[in-house]
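Novice: After the sequence you'll find the predicted model.
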Amino acid sequence: MSFSRTTTSSKGPSSVSRPTDRPTVGVIVPAMNSSDFIDQALGSVAMQTRPVDRIVVVDDCSDDDTVRRVERWSGVLPLTLVRNSRRLGVWGARGTGIERLDTDLVCQLDGDDAFLPHHVEAMCDAYDAGPGLISPRPLTWTGRGPFVPGTYTKGRLPLPGDQLVQLLAQNYVVVGALYSRALYDKVGGFRKIAYGEEWDLWLRLVAAGAVVSKPADPSYVYRVRASSYAGGFARNEAETEVLGRFLAETRDPRLRRAVKIALLQRTGTDGLPEAHDPLAAPGVDAAVLARAGIGRDHLVYVRRDPDLGWVLAGRDESTGGPATAVIADDGRLVLRMTGGGNDYEVTFVEDELLRRDTSSLRDVLRC
């Protein structure tokens, strides 16, 4: 990572009165052409009922007046401004910001989002109650009108033993999360990735033992806007990079199975890393085809997968439409989907933990 200039205000952590045994908390703010929003973001940090010990804003080569606006807050906040000499993207800006933090805890804030006044206090209280990965409860905002609660089916978190598998199925941790700097360093920090760098980090934090929890009340304001960075991606395809990387790094059979089912739910058989074998089609037992609901003459994809069993795709015998199925080696139906392209509908999944939640927060925010 590279940066050309750093500006640090004289209002440092020592000016904040706090108990000596309380973990210090720092905020990182990646910003690129954020002049329309950055004052609201930084103003929301200045209004916290629990003041932060450090805030690092990373300007990722803005060509508007983001830097000038940030510099105006240097007398109000314990602020460090880092200006990248080349554009690194969100993953690099976040990582650069954390490199410059000297606090026990890291709290994320995007340059177009905001905190409610009790956010830092609520997040730190949740961390005190259960150290791990703290996901805020969000409100959404278009920039006009009232805040809207983020209503989604994973408002209740999965049980700790199920959290990693469900996190592979769907990212349910909100971007403005809080976590330990020590654990962040242990898992290797942010990695270069085009889309979903925070999801990639959450997966590694939870795999390392972090338990996800939430404060009781909403406190993070997520701004919904058409020109956001994430809006430039075809989400289903973009998420396969995170899943593919996790798959390459785990040998756990249960997790490999979960990743592959997550890939299938996003891009069908195109998401699986190994190519199919047309020569395997004659070897498919009639009972497997019957369970899949795909006739032998209508098969377009067949593979004997070491983690899943039989993976088949073709034409549904009853409707004639496209269908995909996974049949375990013992004959159980594991997954069945209809549709194709960017519109797969799961009609059956053996383990509900593996079902992608199409009404989750991220889908609500992307609609």
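Specialist: The structure has been received and is ready for your questions.

Novice: Enumerate the positions of stretch 132-142 that are buried.
Specialist: Going by neighbour count (16 or more other CB atoms under 10 Å), the buried part of stretch 132-142 is 132-141. In this view, the C-beta of every residue, glycine as well, is placed from N, C-alpha and C.

Novice: now do stretch 46-64
Specialist: Buried residues in stretch 46-64, counted by 16+ other CB under 10 Å: 48, 50-60, 62.

Novice: what's the neighbour count on Gln40?
Specialist: By other CB atoms under 10 Å, the residues close to Gln40 number 18.

Novice: Tell me the secondary structure at it.
Specialist: Classification of Gln40 by DSSP: H, G, I helix; E, B strand; the rest coil places it in helix.

Novice: ok, back up a step: among the buried residues of stretch 132-142, which lie within strands?
Specialist: Using DSSP state E, the members of these that fall in strands are 133-134, 137-141.

Novice: thinking again about what came up before, right, and out of the buried residues of stretch 46-64, which lies closest to Ala313?
Specialist: Nearest to Ala313, judged by CB to CB, of the buried residues of stretch 46-64 is Asp60 at 40.8 Å.

Novice: In TSV, list the buried residues of stretch 132-142 along with distance to Gly188 and pLDDT.
Specialist: Output for those, formatted as TSV (distance: CB to CB, whole Å; pLDDT from 0 to 100):
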residue	distance to Gly188	pLDDT
Gly132	18	97
Leu133	15	98
Ile134	20	98
Ser135	20	96
Pro136	24	95
Arg137	28	92
Pro138	27	91
Leu139	32	92
Thr140	31	87
Trp141	33	84
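
Novice: now for these, which pair is the farthest apart?
Specialist: Pairwise over those, using CB to CB, the maximum falls at Gly132 and Trp141, 27.3 Å.

Novice: how about low-confidence regions in the stretch 101-250 of the chain?
Specialist: 150-155, 225-233 (pLDDT under 70).

Novice: I'd say Met357 and Gln170 touch.
Specialist: No, residue 357 isn't Met; it's Asp. Yes - here Asp357 reaches Gln170: they are 4.8 Å apart, a contact under CB atoms under 8 Å.

Novice: between these two, who's got more neighbours?
Specialist: Shown here are Asp357 and Gln170; by other CB under 10 Å, Gln170 has more neighbours (21 against 16).

Novice: before we move on, back to that, rebuild the ones in strands among the buried residues of stretch 132-142 as a markdown table, extending it with distance to Trp310.
Specialist: Below are these laid out as a markdown table (distance: CB to CB, whole Å):
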| residue | distance to Trp310 |
| --- | --- |
| Leu133 | 36 |
| Ile134 | 41 |
| Arg137 | 41 |
| Pro138 | 40 |
| Leu139 | 45 |
| Thr140 | 42 |
| Trp141 | 47 |
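
Novice: Looking at these, which is nearest Ala325?
Specialist: Of all those, Ala325 sits closest to Leu133, with 34.4 Å by CB to CB.

Novice: need the contact list for the closest residue to the closest one other than its chain neighbours.
Specialist: Once flanking residues are discounted, Leu133 sits nearest to Ala210: 4.4 Å by CB to CB, 6 or more residues apart in numbering. Counting by CB atoms under 8 Å, 6 or more residues apart in numbering, Ala210 touches 132-133, 179-180, 183.

Novice: And those, which is closest to Val106?
Specialist: If you rank the contacts of Ala210 by distance to Val106 using CB to CB, Tyr179 comes first, at 5.8 Å.

Novice: so the nearest residue to that closest one once chain neighbours are set aside bridges to which residues?
Specialist: Excluding the flanking residues, the one nearest Tyr179 by CB to CB, 6+ apart is Leu133, at 5.1 Å. Beta-bridge partners recorded for Leu133 (DSSP bridges): Val212.

Novice: Assess the claim that Leu133 and Val211 are in contact.
Specialist: Yes - taking CB under 8 Å as the definition, Leu133 is a contact partner of Val211 at 7.2 Å.

Novice: Buried ones in the lengthiest strand in the chain, by neighbour count?
Specialist: Longest strand in the chain by number of residues (criterion: DSSP E): strand 294-305. By 16+ other CB under 10 Å, the buried positions in strand 294-305 come out as 294, 298-299, 301-303, 305.

Novice: among those residues, which two are most distant?
Specialist: Greatest spacing in those, by CB to CB: His298 and Asp305 (19.9 Å).

Novice: re the thing from before, turn the contacts of Ala210 into JSON lines, including distance to Gly314.
Specialist: Output for those, formatted as JSON lines (distance: CB to CB, whole Å):
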{"residue": "Gly132", "distance to Gly314": "44"}
{"residue": "Leu133", "distance to Gly314": "41"}
{"residue": "Tyr179", "distance to Gly314": "44"}
{"residue": "Ser180", "distance to Gly314": "48"}
{"residue": "Leu183", "distance to Gly314": "45"}
